[in-house]
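Colleague: below are the sequence and a predicted model; questions follow.
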Amino acid sequence: MLSVAFVAMIFLLDYDVGWNWDDYSYAGFWTPAGFARNLFFNGWHPVIPWLGFLLFGIALSRTSLSQVPTQHRLILFGVAAFIVAEVASGLISGPLSAIDPELEVFATTEPVPPMPLYMLAGSGAASVIIGLCLRFSSWFDRSGIFGIVTPAGRQTLTLYLAHILIGMGTLEAFGMLGGQTLSAAVAAALLFCLIAVVYALVWFRFFKRGPIEATMRKMAG
């Protein structure tokens, strides 16, 4: 439903309003109208349709995730959903482009803009990863990996903000935010993950919660 609502909004509204796609700046972000537009429609992670991922996660949390058959279904259905989305994208992008080049965007599986096939592919990929992690969790536990990555997992909000403000901010300062190769992007992501894990291990030697998590807990009472 949210994906359908987003497609309707694409027809009714101008998705490019506010954006300068050359430098990824967003004009009017701190105005009420610009902030609402960015938050709900054309930001990096707009409420519509990204709320669908949250609802999907809530639905998954209510299943028997500890059961092996459930984990297998997550993997199999996730793979199927991803393949269907990518194949459908390849099949319909050409005909849509032949009608009107601007219509090709409705067949994309890219995150910007987040069209229905992207939501399907993203949900499928997430299901596969979740299923695999659950299926091999006992092996991860025996290997000692949990002890290394758990501190980072306990401050995901802090690290999420850090990857934007510090990670992407550093790349932007060096003029490396856009136009990089896939290998460079993967290398930057892995480097940030390594730094985040080491930081979290050190942080939790002295504090129980991440800085943002502790602040939110204090504000919430």
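Modeller: Sure, I can see it.
Colleague: helices of the chain, residue ranges please.
Modeller: Secondary structure of the chain by DSSP state H: the helices cover 2-12, 32-37, 47-61, 68-99, 116-135, 137-143, 145-153, 156-162, 169-173, 182-203, 211-220.
Colleague: other SSEs contacting the first one?
Modeller: In other words, helix 2-12. Counting contacts by 3 or more CB pairs under 8 Å, 6 or more residues apart in numbering; DSSP states H and E, helix 2-12 is packed against helix 47-61, helix 116-135. All C-beta atoms are positioned from the backbone trio N, CA, C, and that covers glycine.
Colleague: pull out the buried residues from the helix or strand of the chain with the lowest mean pLDDT.
Modeller: For the chain, counting by mean pLDDT, DSSP states H and E, helix 169-173 ranks last in confidence among helices and strands (a mean of 78). Within helix 169-173, the residues that count as buried by 16 or more other CB atoms under 10 Å are L171.
Colleague: check stretch 135-149 too.
Modeller: Neighbour counts using 16+ other CB under 10 Å place no residue of stretch 135-149 among the buried ones.
Colleague: quick one: terminal-to-terminal distance for it?
Modeller: 17 Å (CA to CA, to the nearest Å).
Colleague: figure out how far it is from the centre of its chain.
Modeller: 24 Å (CA atoms, centre = their mean, to the nearest Å).
Colleague: what of stretch 29-39?
Modeller: Taking CA atoms, centre = their mean, one finds the center of stretch 29-39 at 21 Å from the center of the full chain.
Colleague: then stretch 33-51?
Modeller: That offset, for stretch 33-51, works out to 14 Å (CA atoms, centre = their mean).
Colleague: quick check: mean pLDDT across it?
Modeller: Mean per-residue pLDDT for stretch 33-51: 94.
Colleague: can you list the buried residues in it?
Modeller: Within stretch 33-51, the residues that qualify as buried are 34, 37-38, 41-43, 46, 48-50, counting by 16+ other CB under 10 Å.
Colleague: equivalent analysis for stretch 10-19, please.
Modeller: Applying 16+ other CB under 10 Å to stretch 10-19 flags 10, 15, 18-19 as buried.
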